[in-house]
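Participant: After the sequence you'll find the predicted model.
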Amino acid sequence: MNTQFIYEDLRKIREQKPLVHNITNFVGMNNTANALLAIGASPVMSHAKEEVEDMASIASALVLNIGTLSPEWVHSMKLAGEVCKGRTPIVLDPVGVGATAYRTRVAKEIIEACRPSVIRGNASEINALYDNTNQTKGVDSTIETSNVVDAAKQLSKLTGAVIVISGPVDYIVDNGRVASIFNGNKMMPFVTAMGCTATALMGAFLAVDEDVFNAAISCMAVMGITGERAVAKSVGPGSLQVNFLDELYNLDEEKINSHLKYEYKTY
Amino acid sequence: MNTQFIYEDLRKIREQKPLVHNITNFVGMNNTANALLAIGASPVMSHAKEEVEDMASIASALVLNIGTLSPEWVHSMKLAGEVCKGRTPIVLDPVGVGATAYRTRVAKEIIEACRPSVIRGNASEINALYDNTNQTKGVDSTIETSNVVDAAKQLSKLTGAVIVISGPVDYIVDNGRVASIFNGNKMMPFVTAMGCTATALMGAFLAVDEDVFNAAISCMAVMGITGERAVAKSVGPGSLQVNFLDELYNLDEEKINSHLKYEYKTY
Amino acid sequence: MNTQFIYEDLRKIREQKPLVHNITNFVGMNNTANALLAIGASPVMSHAKEEVEDMASIASALVLNIGTLSPEWVHSMKLAGEVCKGRTPIVLDPVGVGATAYRTRVAKEIIEACRPSVIRGNASEINALYDNTNQTKGVDSTIETSNVVDAAKQLSKLTGAVIVISGPVDYIVDNGRVASIFNGNKMMPFVTAMGCTATALMGAFLAVDEDVFNAAISCMAVMGITGERAVAKSVGPGSLQVNFLDELYNLDEEKINSHLKYEYKTY
């Protein structure tokens, strides 16, 4: 598979500066706004039911993240999702699904109501969306990503979404294809909202690439390569957070091509 | 114009450590609290209707920022604003005004109800407050600052506030005067909440300088010089955010005087 | 007193990765999540009344912080607290108590309803919980920590909690003992949410050490030593924030033992 589209997507984000509307959690808002700015997109965070439909209607992508959900925010997610459905790409981050019954129920409702193009989570979260057992410890994963690829295949068939499992290896799964990204570093989970950052950047990639599967690959490749390069300059998660944004801002075609570790299969 | 007052204002902030009450957005709260601490002020964030009047009554300045507004928070902004009106200086940041009808309406209501001393926004926002056309793309500006100076003059006449337009050149406008600050760097908009930071620091400057026009000049000069010095040490927006706080903490009279690029006109 | 338990507690956190449930303020959420990750714990932030009881029931510690309180969040704090009371350790951060009547009332209600194992605040806050006079300026302390040790002794007797006063010297007080930690640096209060970070880390220490007094000593020693080591590499509060997380991630037994400045008395 030719992976030239990865840099091409990045270039388009910097050129088009797509407006990405985020209804997301309180912990990661600052990180995700900064990551979207660093990659060249234009983030907006807005959740009031009085305006989410207006904001969603001018956005090029919608990011829904249930990390610190409440009924009012979920209501706004659905309002914005209805505006975007079938028109503007939506990405859902089912943070902590499986940890409480409420989260699991809400995530399923949003999938049903909004039909996201991409669902991105860690292995526990993706698994919990598919089989109803509770295996999420708070918001951190307790199972191996490779064990969830089959669940992701089924979930993709059921929902029509491209499923992304983040972890030591990232898997991008649709109905028939599995792409694997081997970039990244084990220090990354020591920075909060790294998963939320991947989801927010996914919004930017979806805004510039109509091929959802490719956009998802581009996003996870950029995350992994950026993280890997940032870790190489860092002594801990504090400096990693800083270097991540610097590396994302300075990422170029040569860096992508020399770092990318990628595999692709059909099934 | 003698610009000695800029350092004098900074010195007073460090000496008096004014309590600055912020009712602001979720994205920039951490940045603005850190910026207020780094400059020597004492920030407090508080929004519950049960206490905003008590908090506002002990504060030396009130910062209102509608970045992630909702009806409950707007209600609290008005309650706090009523307490401060005519007594304690208020600065309003009309984030994203023009992007949705709700934001535009709320910003105008707050101006009417609270009579802020300063309104600070980007060019799109200031323009949208004056002429009702929608030209804001999310929270980022799409028009040149210099094209909005006339709108700012009119807005200042209408509202009695000093109007600050942030951008490549910052304009401070009142009914008869325009000051321009040429400091800053084009990397600054790649860090989220830089505008919110300017607005929060404005609270600190208003708390120590009764001359609102001068306080606004001081604030924007300090923002621009700090940003410029921070960018010189940064390789991207991650390190810029860190260096910005370090430079703000270490800013002194010599640095201000050697960096300041300033122009002043009456009209 | 043998202080070997300090490193032992840290080691257990890294080994057990306890799930720490936080219902906290908007300003410090990101910092406290990052600090909990850097030390090796697993943070979750969750506040919806629809799920806080479920989340609290799977957590190893509960952190309640009223920094940006509202009635809905306070309600959720009580719901989660009821689940944990007498079963899972709770730490309360009474941010800004004394600044408004509402905060003081709420903090007392939470103490009554949830019976926290530890109450951690600055001198003004701890004092305000004990004697009803208003001496808090926003969220920053205006009185010396040493003057509040007697109030802390009384408060510990009244509430059954270990009381921690943060400041230039940190005091850990229970009904009969006072431990003092002389680590830390005066640049630390220039970073927002440092107090909230101490409280959040307290959750992790309480999760692994059933001896509440020792857990509180461990936490404040780790905070002080980490802060001191971070300041040594920092030029201002921006770099301090980064270096703090890096140092916390890399803290080891030798660093603890060579830095610890500690005193212990019974009364």
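Facilitator: Good, I have the coordinates.
Participant: sec struct for the nearest residue to residue A:41 once chain neighbours are set aside, please.
Facilitator: Spatial nearest neighbour of residue A:41, excluding adjacent residues (Cβ to Cβ, 6 or more residues apart in numbering or on different chains): residue A:204 at 4.0 Å. Where you see a C-beta, it was placed from the backbone N, CA and C, and this is true even at glycine. Using DSSP: H, G, I helix; E, B strand; the rest coil, the structure places residue A:204 in helix.
Participant: Chain C contacts on the stretch 1-150 of chain A?
Facilitator: In this structure, the stretch 1-150 of chain A approaches chain C at residues A:25-28, A:30-31, A:67-71, A:96, A:99-103, A:137-140, judged by Cβ under 8 Å from any Cβ of the partner chain.
Participant: tally of neighbours for residue A:252?
Facilitator: Applying other Cβ atoms under 10 Å in any protein chain shown, we find 10 residues neighbouring residue A:252.
Participant: Could you check how far it is from residue A:7?
Facilitator: 8 Å (Cβ to Cβ, to the nearest Å).
Participant: cool, residue A:164 as well?
Facilitator: 19 Å.
Participant: Which one's more surrounded, those two?
Facilitator: Neighbours were counted for residue A:164 and for residue A:7 using other Cβ under 10 Å; residue A:164 has more, 29 against 20.
Participant: for that one, helix, strand, or coil?
Facilitator: Per three-state DSSP, residue A:164 ends up strand.
Participant: That one: what's its closest spatial neighbour, skipping adjacent residues?
Facilitator: Counting by Cβ to Cβ, 6+ apart, residue A:164 lies nearest to residue A:120, which is 4.0 Å off, once chain neighbours are set aside.
Participant: right, and that neighbour touches residue A:199 too?
Facilitator: Yes - counting by Cβ atoms under 8 Å, residue A:120 does reach residue A:199; the two are 5.0 Å apart.
Participant: Find residues that contact each of these two.
Facilitator: Taking Cβ atoms under 8 Å, 6 or more residues apart in numbering or on different chains as the criterion, residue A:120 and residue A:199 both touch A:91, A:92, A:93.
Participant: Tell me how many other residues crowd residue A:36.
Facilitator: The tally of other residues near residue A:36 (other Cβ under 10 Å) stands at 28.
Participant: The one 5 residues further on now?
Facilitator: Residues within reach of residue A:41, counting by other Cβ under 10 Å, total 27.
Participant: With residue A:264 instead?
Facilitator: Number of residues near residue A:264 (other Cβ under 10 Å) recorded here: 12.
Participant: Check the secondary structure at the residue of the stretch 1-150 of chain A found nearest chain B for me.
Facilitator: Among all residues of the stretch 1-150 of chain A, residue A:44 sits closest to chain B, at 3.4 Å; criterion: Cβ to the nearest Cβ. The three-state label given to residue A:44 by three-state DSSP is strand.
Participant: Same check on the one 5 residues further on?
Facilitator: The three-state assignment at residue A:49 reads coil, by three-state DSSP.
Participant: hang on, residue A:8 in a strand?
Facilitator: No - counting by three-state DSSP, residue A:8 is not part of a strand but helix.
Participant: how much space between it and residue C:81?
Facilitator: Distance of residue A:8 to residue C:81, given as Cβ to Cβ: 52 Å.
Participant: between the two, which one's more packed in?
Facilitator: Neighbour count, other Cβ under 10 Å: between residue A:8 and residue C:81, residue C:81 has more, with 23 against 14.
Participant: Model confidence score at the nearest residue to the more buried one once chain neighbours are set aside, please.
Facilitator: In space, and not counting its chain neighbours, residue C:81 is closest to residue C:114: 3.0 Å by Cβ to Cβ, 6+ apart. Looking at residue C:114, its pLDDT reads 97.
Participant: Spit out the contact partners of the residue nearest the centre of chain A.
Facilitator: What sits nearest the mean C-alpha location of chain A, by Cα atoms, centre = their mean, is residue A:199, with 2.0 Å. Residues in contact with residue A:199 (Cβ under 8 Å, 6+ apart) are A:32, A:63, A:65, A:91, A:92, A:93, A:120.
Participant: what about the fourth one, distance to residue A:68?
Facilitator: Which is residue A:91. Note on residue A:91: its distance to residue A:68, by Cβ to Cβ, is 17 Å.
Participant: got a pLDDT number for residue A:22?
Facilitator: We have a pLDDT of 98 for residue A:22.
Participant: Going by residue numbers, what spans are helices in the stretch 1-150 of chain A?
Facilitator: A:4-16, A:29-39, A:52-58, A:71-84, A:101-114, A:123-130, A:149-159 (DSSP state H, counting those that start in this stretch).
Participant: between the ones you listed, which gets nearest to residue B:232?
Facilitator: helix A:29-39 (18.7 Å; Cβ to Cβ).
Participant: For that closest one, name the packing helices and strands.
Facilitator: Applying 3 or more Cβ pairs under 8 Å, 6 or more residues apart in numbering or on different chains; DSSP states H and E, we find helix A:29-39 packed against helix A:4-16, strand A:19-23, strand A:42-45, helix A:194-208, helix A:237-250, helix B:237-250.
Participant: Of these, which is nearest residue C:220?
Facilitator: Comparing the helices and strands packed on helix A:29-39 under Cβ to Cβ, the one sitting nearest is helix A:237-250, at 20.2 Å.
Participant: Return the residues in contact with residue A:80.
Facilitator: Counting by Cβ under 8 Å, 6+ apart, residue A:80 has contacts A:21, A:23, A:52, A:53, A:55, A:56, A:62, A:64.
Participant: Out of those, just show me the ones up against chain B, please.
Facilitator: Among these, the ones lying near chain B by Cβ under 8 Å from any Cβ are A:21, A:55.
Participant: Check the contacts of residue A:80 against chain C and report the nearest one.
Facilitator: Taking Cβ to the nearest Cβ as the measure, residue A:23 is the one of the contacts of residue A:80 closest to chain C, at 14.7 Å.
Participant: any idea how far residue B:101 is from the closest one?
Facilitator: In this view, residue A:23 and residue B:101 are 19 Å apart by Cβ to Cβ.
Participant: Could you verify my assumption that residue A:117 touches residue A:163?
Facilitator: No - applying Cβ under 8 Å as the test, residue A:117 and residue A:163 come out as separate, 10.8 Å apart.
Participant: More neighbours: the two, which one.
Facilitator: The neighbour comparison of residue A:117 against residue A:163 (other Cβ under 10 Å) goes to residue A:163, with 29 against 24.
Participant: Surely residue A:6 and residue A:222 touch.
Facilitator: Yes - assessed by Cβ under 8 Å, residue A:6 is found in contact with residue A:222 at 7.0 Å.
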